[in-house]
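Trainee: how would this look folded up:
(2 chains)
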Amino acid sequence: MTGEPLLDVRDLKVSFRTEDGLVKAVDGVSLTLFEGETLGIVGESGSGKSVTMMSVMRLINDPNARFEGEVLYKGHDLMTLNRDQMRAIRGTGISMIFQDPMTSLNPVYRVGAQIAEQIRAHDHVSKQAARDRAIELLAAVGIPQAAHRVDNFPHEFSGGMRQRVMIAMAISCNPDILIADEPTTALDVTIQAQILKLLRKLKNDFGTAVVLITHDMGVVADLADRIAVMYAGRIVEQGTRREVFYDAQHPYTWGLLGSIARLDRPKPRRLAAIPGQPPSLLRLAPGCAFADRCAHRFDLCDEPPPLLARVDGNHLDACHLEPKQKKELRETTIHPELIENAE
Amino acid sequence: MTAAEAPSASSTPANGNGDGELLLRAEHVKKYFPIRSGVLLQREVARVHAVDDVSLELRAGETLGLVGESGCGKSTLARCLARLYPLTSGSVVFEGQDISALSRRELRPVRRELQMVFQDPYASLNPRKRVGEILSDPLRIHKRGNRDQIKRRVRELLELVGLSPEHINRYPHEFSGGQRQRIGVARALALHPKLIIADEPVSALDVSIRAQVINLLDDLQDELHLTYIFIAHDLGVVRHVSDRIAVMYLGKIVEVSPAEELYQRPIHPYTEALLSAVPIPDPDLSDRRTQIVLEGDVPSPIVPPSGCRFHPRCRYATKICAQQEPPLAEYGGGHLAACHHPLNIDLPVAPGTDAAPVPGAVQDAAPVPGGASSAVPAADAEPLPPVAGGSAGAEVPAEEAQ
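Mentor: Reported below is the predicted structural model:
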């Protein structure tokens, strides 16, 4: 990937003051997104993947939140913009869709009116033109009889259709970047396949860059060009789709890959579960946050592991193990049945 | 009518588990929810056909997976089997006793044997009770011993599910999601049940925690000789835990099969599409396969489509599909499907191919390069011709054909 990135997040830190102490939700995340690219951010609940992207959109209004770092969009630092400037960027530059389309849509307005409102907020067009554009958009995201459905209320749509409406709204002003935060988590697999197909079409037809936040490794394998794996507020591994799946460097990534009950492999006798639970963000140890759950922990793990390219130019990981060691250990973690058979 | 005449979703033990005796048999279970309208008279204006004529059998020691999209009736069916709902019609025979018409009081001894684990570990535990109380309630209600014995049993249960007995005085909010689900499992185990119906027990959990709970359920089954009905929408999880799998669509069972066989030889087009929709966590395989993307949504169960309920979304549908409802027909090896245009019927029953997954482009006939290791005995290698009318279309459902 060459040239200037469209979005360049540099050492972003987000913390929340709470009654129990300081929660470091995002702790030094750096990411880049290039034109037309799809970046997958994978991690479990509380890993900071949503907070990172909500911070990029400047959507966190909590007075107890503190932000550090830079978010450069086409060279401008979004962190320094005022409300009106930020509003101009949202929708036209970067837009976002969320997990639960029912809570993201206003239940008392017709969907067409909600899409038209967004169009008129950014473009000076007539009401009729905005409405026509809304119908066009609904048709583009695959709503049948768009001209008729434009006057429906959100509750008259199914979950998958609501997510399509959200996508229509998000692309109404032709943004450069679409951030999709768990867009298919609330949906059935068959509907998920429809929505993923739609996202792929947007990417191909309009060249929209997509940030896809998900906990599902299958979804990123399908859609992402590059993948960042997050754990306890930090990126622990980042690389191309193939690097992360076929040459994973971080034991947490191994654990994620091993714990999926997958259909494309023979059934293992047991799933390789990651023992224990994610750490509390209130009391993070200074060293590697994953060390307590890691089967390969050693002395050095008490030191914070930097995110470095240890194997290849752009394949970064935050683990102290030697790449050669990792290669051997990895096989036993992702494919535990291999050891069982060898025994 | 016997099971031999009407191919209900009967059990054919396929791989190890499930060779026990018949534990539960459901016959023609129907559950309709009335939709009422009007202020005083509350006339019934329509019905939601949540479960519509489902028959199945369950043998001791096996795990039956129940899959389908939201609204297909899998949870309703589970609750009917546990008699948490009264049935509209049909019967549920549990351990030789018809429980479909029992009163609350008569059901009590049955409840000991038949327990449920629910999806949401946040909603299914009383937030104002300590863990000790949550786990001792069933023991007290069913008068299982004195205070000391109950206390001992509660500690035992906590250990059994991998929690520390010191947690006995904590409240549910002090636990993480995975730990709460362990408490839910412990509560279900308290009375030494034979059958546990788990309704999406891992859907609300993160992947790494999900694997822990699945492994726990696996271990408990071996240790305590439990029988499970495992409901999930995640086909990977269902394959991992199940011996047999029933696929539901709009209140009907459309296919039942030994687990591994279902993934290698789906017969019903809905199963094929469902399998094809599952994302594969492998970039190269994912790129190469051709996905079948179903159009539209699940139709309303208030006015289900005529004939085969899947026909409006089915890519193989013809005229007959809209006119006649296909009966569940047997395709060998305990594999049943209800379709006028069954797929993969010339393939042998669960071919014993090598363990390596097929990386080639996946054609229509084999939507997912499923785990290719054969878990089904190769003895049944000859595909049987479908009984009960075959694809030309039996005029009546098989049950009435006799």
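Trainee: ok, the closest residue to chain B within the stretch 101-250 of chain A - contacts?
Mentor: For the stretch 101-250 of chain A and chain B, the shortest gap (C-beta to the nearest C-beta) falls at A:G218, measuring 3.0 Å. For the C-beta atoms, the positions are set from N, CA and C on the backbone; glycine is no exception. The contact partners of A:G218, taken as C-beta atoms under 8 Å, 6 or more residues apart in numbering or on different chains, are A:I260, A:R262, B:V278, B:P279, B:I280, B:P281, B:S286.
Trainee: Excluding sequence neighbours, find me the nearest residue to B:R170.
Mentor: Among residues not flanking B:R170 along the chain, B:V131 sits closest, at 5.5 Å (C-beta to C-beta, 6 or more residues apart in numbering or on different chains).
Trainee: I should have written B:S70 there, sorry.
Mentor: In space, B:S70 is closest to A:D188, 5.6 Å off (C-beta to C-beta, 6+ apart).
Trainee: Flag the helix or strand of chain B with the lowest per-element mean pLDDT.
Mentor: Lowest mean confidence among the helices and strands of chain B (mean pLDDT, DSSP states H and E): helix B:398-401, at a mean of 36.
Trainee: so does the strand or helix carrying A:V26 get close to chain B?
Mentor: With elements taken from DSSP states H and E, the one containing A:V26 is strand A:21-33. No - Strand A:21-33 stays clear of chain B (C-beta under 8 Å from any C-beta of the partner chain), getting no nearer than 15.9 Å.
Trainee: Flag every buried residue along that strand.
Mentor: Within strand A:21-33, the residues that count as buried by 16 or more other C-beta atoms under 10 Å in any protein chain shown are A:V23, A:K24, A:A25, A:V26, A:D27, A:G28, A:V29, A:S30, A:L31, A:T32, A:L33.
Trainee: Find the centremost residue of chain B, please.
Mentor: Against the mean C-alpha coordinate of chain B, by C-alpha atoms, centre = their mean, the closest residue is B:L66 at 1.7 Å.
Trainee: where does chain A dip in pLDDT?
Mentor: Low-confidence segments of chain A (pLDDT under 70): A:1-2, A:333-343.
Trainee: Over to the most centrally placed residue in it. Which of the three states is it?
Mentor: Centroid check for chain A by C-alpha atoms, centre = their mean gives A:I213 as the closest residue, at 1.8 Å. Secondary structure for A:I213, judged by DSSP: H, G, I helix; E, B strand; the rest coil, is strand.
Trainee: correct me, but it touches A:E44?
Mentor: No - A:I213 is beyond contact range of A:E44, at 11.8 Å (criterion: C-beta atoms under 8 Å).
Trainee: Model confidence for B:H311, exactly?
Mentor: For B:H311, the model assigns a pLDDT of 95.
Trainee: So it versus A:E322, what's the distance?
Mentor: 59 Å (C-beta to C-beta, to the nearest Å).
Trainee: Counting neighbours, go ahead and name the busier of those two.
Mentor: Ranked by neighbour count (other C-beta atoms under 10 Å in any protein chain shown), B:H311 and A:E322 place B:H311 first, with 23 against 9.
Trainee: what sits against the more buried one?
Mentor: B:P305, B:A317, B:C321, B:A322.
Trainee: cool, A:F290 as well?
Mentor: A:Y231, A:A232, A:V236, A:H250, A:P251, A:Y252.
Trainee: ok, now B:V298?
Mentor: Taking C-beta under 8 Å, 6+ apart as the test, what B:V298 contacts is B:E69, B:S70, B:G71, B:C72, B:Y249, B:L250.
Trainee: returning to that earlier point: most widely separated two among the contacts of A:F290?
Mentor: A:A232 and A:P251 (13.5 Å; C-beta to C-beta).
Trainee: just so I have it, where are all the strands in the chain?
Mentor: The chain I'm using is chain A. Using DSSP state E, the strands assigned to chain A run over residues A:7-18, A:21-33, A:38-42, A:65-73, A:76-77, A:94-97, A:177-181, A:209-214, A:226-231, A:234-240, A:308-312, A:315-317.
Trainee: that answer is for a different chain, and I need it for chain B
Mentor: B:22-37, B:43-59, B:63-67, B:89-94, B:97-98, B:114-117, B:195-199, B:227-231, B:244-249, B:252-258, B:329-330, B:336-337.
Trainee: Report the inter-axis angle for the second one versus strand B:252-258.
Mentor: Going back to what we said before, that points to strand B:43-59. 10 degrees (axes from the mean of the first three to the mean of the last three C-alpha atoms, to 10 degrees).
Trainee: other SSEs contacting strand B:43-59?
Mentor: strand B:22-37, helix B:74-81, strand B:227-231, strand B:252-258 (3 or more C-beta pairs under 8 Å, 6 or more residues apart in numbering or on different chains; DSSP states H and E).
Trainee: Ok, which of the strands of chain A comes nearest A:C301?
Mentor: strand A:234-240 (12.6 Å).
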